[in-house]
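>>> fold the following and give me the result.
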Amino acid sequence: MYIFLIILDLILSGTAWVYDWSTLITIPAYLWPIVAICPIYPLLLAYIWYQKLQGHTPHPVIMAWALIGGSTYAVAALFFYPALMQYEGFSWIGIGAIAWVLLYGLQALYLIRRAQLPTTWITVTIALLSAKTLLDVNYRTFGYLITPTDNLPQTFIYGVAGGVIAVILLVGLYALRKRQL
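Presented below is the predicted three-dimensional model:
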């Protein structure tokens with residue numbers, strides 16, 4: 001099972017790198033772990049599954065970032081893409097994006113239920129993902145999905161940002177609560 005998930009995640013990541021490359025090259029490489037969503041999370045999950053296959057414990061920073069971020073974007077995709085389609089019209093690409101994010105996001109949700117993440121890294125991850133979302137609002141970019149040239153109402157941008165931050169907090173609080181059980 002681990003080998004299947006590793007291969008799946010590497011394929012998801014590799015395909016996302018190819019698909020998003022034209023946009024990613026416009027973003028400084030040191031920001032990719034924060035800005036890029038679809039290429040990064042499957043790659044981190046492949047690392048986690050590989051570590052588990054080898055009988056090792058994955059690094060807690062990577063675990064926190066992959067599990068909280070991946071879980072957040074899985075849940076957020078369920079409201080982000082349908083809301084985006086309200087403005088842009090129905091899109092099979094949007095439906096595909098939901099399925100894509102759920103392929104790795106459900107893995108993150110599965111793992112976060114079983115992981116004991118360190119409180120420090122949960123807190124740091126919540127703060128960084130929330131700051132990323134606030135910067136996305138400031139620059140009118142959600143990762144690179146919504147660009148400043150899109151004609152989306154500001155209420156949509158604020159609504160999405162609020163929803164994403166709420167999901168970040170809920171996922172983070174769930175991970176923190178697990179520490180107390």
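
>>> which helix is the longest one in the protein?
Of all the segments assigned as helix in the chain under DSSP state H, the longest by residue count is helix 60-88.

>>> next, the buried residues of it.
Judged by neighbour count using 16 or more other CB atoms under 10 Å, the buried positions of helix 60-88 are 62-77, 80-81, 83-84. C-beta coordinates here come from the backbone N, C-alpha and C atoms, glycine included.

>>> show me what that helix is packed against.
When contacts are defined as 3 or more CB pairs under 8 Å, 6 or more residues apart in numbering; DSSP states H and E, helix 60-88 packs onto helix 40-53, helix 92-114, helix 119-139, helix 154-180.

>>> what angle do helix 40-53 and it make with each other?
Helix 60-88 and helix 40-53 meet at an angle of 150 degrees, taking axes from the mean of the first three to the mean of the last three CA atoms, to 10 degrees as the criterion.

>>> show me what the helix or strand bottoming out on mean pLDDT in the chain is packed against.
Of all regular secondary-structure elements in the chain, judged by mean pLDDT, DSSP states H and E, the least confident is helix 32-35 with a mean of 78. Under the contact criterion of 3+ CB pairs under 8 Å, 6+ apart, the helices and strands touching helix 32-35 comprise helix 119-139.

>>> what mean pLDDT would you report for the helix it packs on?
Averaging pLDDT along helix 119-139 yields 86.

>>> kindly report the same for stretch 164-176.
89.

>>> please apply the same query to stretch 90-110.
Along stretch 90-110, the predicted local confidence has a mean pLDDT of 91.

>>> run the chain-centre distance for that stretch.
Chain-centre distance of stretch 90-110: 10 Å, with CA atoms, centre = their mean, to the nearest Å.

>>> what does that stretch contact?
Taking CB atoms under 8 Å, 6 or more residues apart in numbering as the criterion, the residues outside stretch 90-110 that touch it are 5, 8-9, 12, 16, 37-38, 41-42, 45, 66-71, 73-75, 77-78, 81-82, 84-85, 88.
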